[in-house]
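Participant: Sequence and predicted model, in that order:
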Amino acid sequence: MVTAGVKESRPKSGQGNNKVTRSFPLDKVRNIGIIAHIDAGKTTTTERILFYTGRTYKVGEVHDGTTVMDWMVQERERGITITSAATTCHWKDYRINIIDTPGHVDFTAEVERSLRVLDGGVVVLDAVAGVEAQSETVWRQADRYGVPRICFINKMDRVGADFLRTIEMIEERLKAKTVAIQIPLGKENLFRGVIDLVAKKAWVFPDEVSEEPSETEIPEDMKEEVARARHDMIEKLAENDDQLMLKYVDNQEIGEEDIGAAIRRLTVGNRIVPIVCGTALRNKGIQLVLDAVVDYLPSPLEKPALKVVDTSTGQEVSRPASDEAPFTALAFKVVSDPFVGRLVYFRVYSGSIKVGAQIYNASRQGRERLGRLLLMHANKREEIDEVDTGCIAATLGLKNTFTGDTLCEAGQSVLLEDIKFPEPVIAMAVEPKSKADQDKLGEAMGRLSEEDPTFKVKTNEETGQTIISGMGELHLEVLIDRMMREFGVQVRVGKPQVAYKETVTISVEAEGRFIRQTGGHGQYGHCWLRIEPGERNSGFKFVNGVRGGDISRQYIPAIEAGVKEALDTGGVSGYPLVDMKVTVFDGSEHDVDSSEMAFKMAGSIALKEGVARAKPAVLEPIMRLEAVAPSAFMGDVIGDINSRRGQIQGIETHGETCVIHCFIPLAESFGYATSLRSLTQGRATYSMEFQQYSEVPASILEEMLAKSKGR
């Protein structure tokens, strides 16, 4: 339950117990992520957590470039988190493994893979801005992986901070059932602490990070508000929890322990989201966030039993969170460390394993030997001898293990669900400046694409150019900067290009014949394909509809391979084909001349011929844009959005500030930051994230094709 005294919670200097050799019961382990929109205060919150748990003895600041978790040069220069950083700290008798994630949409893959291996999350929200675009994205990612979370409403000391409005936005935009377990003590610049509704206590926090908070009486003028807020809290809990409902209906006394137990049950079950508040920069409320983490977020034991696929039988089996169960882990991140080499981060779901043990990579079907085992503290490392259930660690020596691979015991081969990453939406050409840079460029791109699954590298066969793709301009800019600094590669960079796709709009049937007679053994492949448009963002689906044995089953995979090859080479406009269903329903074969290669060619020929008749359409990535600007400039900002083919979805007004929600084609968004600054005298901000692919208007397509032919 909520701590009786925050004072005793924080270790005094030198008392933080961070020895990795200490054994913790599994029910006292918490694996959490700090997730949020950019600039909500994730890293600042994490730095305070590290200080109050005794992990560090000096508070790092984002604006000074002195944070522990933002350790990359690029992060400190830009003041943003680029890569997720892991650390371990201790609060009371609990071990907390923390991953601090990026807030910028360009680095969404870091959030995706972190949430995949976490048991709980702390969502940090800006009390002034409320729920922002990227807040919605990370919330959906957490929903997808069923991650229970608490919300920390940060920046309560800023002008315009509104606790209740932020809660309303969480309920409205994120469709979450919120339960406020605290309310702020003071408002804006007079914010000085919080009132704990569970324990009916007021806590005042001094500005100085080294000073202890003090428990005080609830102010007389707030007692009525506190009573009302506490009654609302109990009512919401009773609505969702049967045990508390019985006491509530029978008018029995509901104590602090009853409330705490109900909050825990409902949070672990992902049925409510507890709300706490404070201001990380001014060192207020962080200790109570830590209390909420250990009191309400689940341990590995409380998560549903892990479902895995037994590779020998293909059947789904369970892996309980226990050291006695067979070793099962997921590699979720690969990093090229300049000092120690290739690091693989992994989460242990069951079992335990020691340094030097041999493990089996079920995804790659190969044996590997564990090298050194490391407990990570951002970019610092502590060596350990073994890892057990619930542990998040890193290892050296796994040469053929990549992001999303399942690691297990030999003879106990199972597969975990892979991590799915979004497709890149932006591309640009790169070339080495000199012959000496050429070999280094290949190595640098190989290492970076190993680290980042959303960074793709390919060669344009027609032009011979090397094309790199990513999630946004900033994403590629950071990667090119890393190539230059970490790998010493000097490159020339072309203009960003949009990753267009192509699809079909009507159903057609197409025939593919590949017949060659060269004397002796020839080649014969013949198939009929039905090509149909699919739902938007549905990808590609191949169906075997052959009945009666006109084509042997052994040739069906070859036809599918030929179709997939033709999809990649592109349709009429040369862009990759997506969102379509292809069914092979007829064909013929030759007793002697038929081969897999012949049917592969037939499948490719049929698809290309069919797509040309299926009224192909070009698709472009559409971004969801949220611009925040002073009301005085709203007309100019909207006019600029309209000129970029933007579609306004809604406008919110908060005092003197307007928030404009709209969709805008990625092709029209280049240079938007500069344009927005000049229109608003530098007073506006914006955030942008990928929404969907949509058909390019005919007039724009004509211009695109004309430019392409002109080149």
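Facilitator: Received, thanks. Numbers count the residues shown, from 1 in each chain.

Participant: Confirm R165 sits in a strand?
Facilitator: No: counting by DSSP: H, G, I helix; E, B strand; the rest coil, R165 falls outside a strand, being helix.

Participant: isn't it right next to A129, touching?
Facilitator: No: checked against Cβ atoms under 8 Å, the pair R165 and A129 is beyond contact range at 10.4 Å. Just so you know, the C-beta spots here come from the backbone N, C-alpha and C atoms, and that holds for glycine as well.

Participant: So which of the two has more stuff around it?
Facilitator: A129 (24 against 14; other Cβ atoms under 10 Å).

Participant: who does the closest residue to the more buried one other than its chain neighbours bridge with?
Facilitator: What sits nearest to A129 in space, not counting adjacent residues and going by Cβ to Cβ, 6 or more residues apart in numbering, is V628, at 7.0 Å. Counting by DSSP bridges, V628 forms beta bridges with V659, T685.

Participant: my guess is V628 meets G655, correct?
Facilitator: No: in this structure, V628 is not within contact of G655 by Cβ under 8 Å, at 11.8 Å.

Participant: Specify which residue of those two has the higher count of neighbours.
Facilitator: V628 (21 against 11).

Participant: What is the neighbour count of the closest residue in space to E217 that isn't next to it in sequence?
Facilitator: Once flanking residues are discounted, E217 sits nearest to A202: 6.6 Å by Cβ to Cβ, 6+ apart. Using other Cβ under 10 Å, A202 is surrounded by 20 other residues.

Participant: Pull out the buried residues from stretch 469-485.
Facilitator: 469-480, 482-483 (16 or more other Cβ atoms under 10 Å).

Participant: Tell me which of the residues you listed fall in strands.
Facilitator: 469-470 (DSSP state E).

Participant: and which of the buried residues of stretch 469-485 is nearest to Q517?
Facilitator: S469 (42.3 Å; Cβ to Cβ).

Participant: Pull stretch 415-426 out as CSV, backbone CA atoms only.
Facilitator: What follows is stretch 415-426, C-alpha atoms only, in CSV (Å, rounded to 0.1, in the frame of the first residue of the first chain):
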residue,chain,number,x,y,z
LEU,A,415,9.5,-19.3,-30.2
LEU,A,416,8.2,-16.0,-28.8
GLU,A,417,6.1,-13.7,-30.9
ASP,A,418,8.4,-11.4,-32.9
ILE,A,419,8.5,-7.7,-32.5
LYS,A,420,6.8,-5.9,-35.4
PHE,A,421,8.2,-2.6,-36.6
PRO,A,422,6.7,0.1,-38.8
GLU,A,423,7.8,0.5,-42.4
PRO,A,424,10.1,3.4,-43.3
VAL,A,425,8.4,6.5,-44.8
ILE,A,426,11.3,8.5,-46.0
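
Participant: other SSEs contacting the strand or helix carrying D568?
Facilitator: Using DSSP states H and E, D568 sits in helix 556-569. Here helix 556-569 touches strand 523-533, strand 540-544, strand 580-588, helix 596-613, going by 3 or more Cβ pairs under 8 Å, 6 or more residues apart in numbering; DSSP states H and E.

Participant: Out of the ones you listed, which gets nearest to L125?
Facilitator: Per Cβ to Cβ, nearest to L125 of these: strand 540-544, 37.9 Å.

Participant: which intervals of this protein have sub-threshold pLDDT?
Facilitator: 1-23, 58-82, 103-106, 338, 378-379, 460-464, 518-520, 705-711 (pLDDT under 70).

Participant: Can you show me the helices along the stretch 401-550 of the chain?
Facilitator: 435-451, 473-487 (DSSP state H, counting those that start in this stretch).

Participant: re earlier: quick one: the helices and strands packed on helix 556-569 as CSV, columns for distance to N361 too.
Facilitator: Formatted as CSV, the helices and strands packed on helix 556-569 follow (distance: least, Cβ to Cβ, whole Å):
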stretch, distance to N361
strand 523-533, 36
strand 540-544, 27
strand 580-588, 32
helix 596-613, 29
